[in-house]
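Q: sequence and predicted structure below; questions after.
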Amino acid sequence: MSNQAATVGTEVPSSTKLSLTHLKRDIFSAPAGSVLIHACNAQGSWGSGIALAFRNSYPSAYQVYRSHCLTRHNPRTNPVRTGTCLLIPPCETKAGIPAHWIACLFTSAKYGKAKDPPSVILRNTKAAMKDLLRQVKTRMEAGKELGSLVMCRINSGKFAVKWGRTVDVLEGIVVEEGEASNVEVWSLDED
Ligand SMILES: Nc1ncnc2c1ncn2[C@@H]1O[C@H](COP(=O)(O)OP(=O)(O)OC[C@H]2O[C@H](OP(=O)(O)O)[C@H](O)[C@@H]2O)[C@@H](O)[C@H]1O
């Protein structure tokens, strides 16, 4: 039997993988409606790095994140599960702040010296990103208007995971029917 005959009639399921588009831009200048994606700990702290910039620019979203971690959950007795995402609709009340959605990917339970090791952060990244894609789809099916998914180079700063490793994980995600299949990575970092 020829090799060709052996493959005839074999259904290869088509699967779309998530793609990334890299742009040299400031994430906070994304158009209204964009979903800004960053990596978070589950302790309720946006204390440094880009998280601190989010806290300064989006104080109301920070309160939503904090109450998710500290009130709805409890870091000691009922922590937010890593590998999940908190998707915060535009909620700032002060004038002049763009109507951005903010997606918090819980990629490490703790921060600083107690952060999860890279292998765990990467596993959490995959699960949290899939959770985000599901939530975005659900919101859009409910009639909400969401713009592009715009991400910083998550995990690559305070969480100390080589950016290329996060890219590999993200590009390996299989996108389900109806989900967004592209994420823009906006960064001012020099390559
Ligand atoms: N102002 C700014 N504007 C624009 N881009 C900026 C920036 N500052 C840094 N970047 C870039 O943004 C990427 C991610 O780098 P980051 O270190 O921020 O984040 P990460 O994902 O590794 O880690 C998450 C934990 O860091 C925080 O710290 P705390 O735990 O609160 O202390 C959180 O709360 C989490 O827990 C890197 O490309 C940085 O060059």
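A: Perfect, thanks for sending it. Residues are numbered from 1 along each chain as shown.
Q: those strands in this protein, which residues are they?
A: 16-17, 19-23, 35-41, 85-88, 101-108, 149-151, 174-175, 182-186 (DSSP state E).
Q: how about V183, nearest residue that isn't a chain neighbour?
A: L149 (4.6 Å; C-beta to C-beta, 6 or more residues apart in numbering). Any C-beta I mention is one placed from the backbone N, CA and C, and that applies to glycine too.
Q: okay, now the closest residue to I27 other than its chain neighbours: neighbour count?
A: Sequence neighbours aside, W186 is the residue nearest to I27 in space, at 4.4 Å (criterion: C-beta to C-beta, 6+ apart). A total of 22 residues lie near W186 under the criterion other C-beta atoms under 10 Å.
Q: same deal with T71?
A: 9.
Q: what do you get for the one 3 residues further on?
A: Neighbourhood size, N74 [other C-beta under 10 Å]: 12.
Q: flag every residue of the chain that's near the ligand.
A: The interface of the chain toward the ligand, taken as C-beta under 6 Å from any ligand atom, is made up of 27, 39-41, 45-51, 53, 111, 152-159, 187, 189.
Q: PyMOL command for the buried members of these?
A: This is how PyMOL selects the buried members of the residues of the chain next to the ligand, with burial counted by 16 or more other C-beta atoms under 10 Å:
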select buried, resi 27+39+40+41+45+46+49+50+51+53+111+152+153+154+155+156+157+158+159+187
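Q: mind checking the longest helix of this structure?
A: helix 118-141 (DSSP state H).
Q: packing partners for that one?
A: strand 35-41, strand 85-88, strand 101-108, helix 163-171 (3 or more C-beta pairs under 8 Å, 6 or more residues apart in numbering; DSSP states H and E).
Q: and the first one, which strands flank it?
A: Strands flanking strand 35-41 in the sheet, each with its direction: strand 101-108 (parallel), strand 149-151 (parallel) (DSSP bridges).
Q: pLDDT on the last one, on average?
A: Mean per-residue pLDDT for strand 149-151: 98.
Q: partners of L86 in the sheet?
A: C104.
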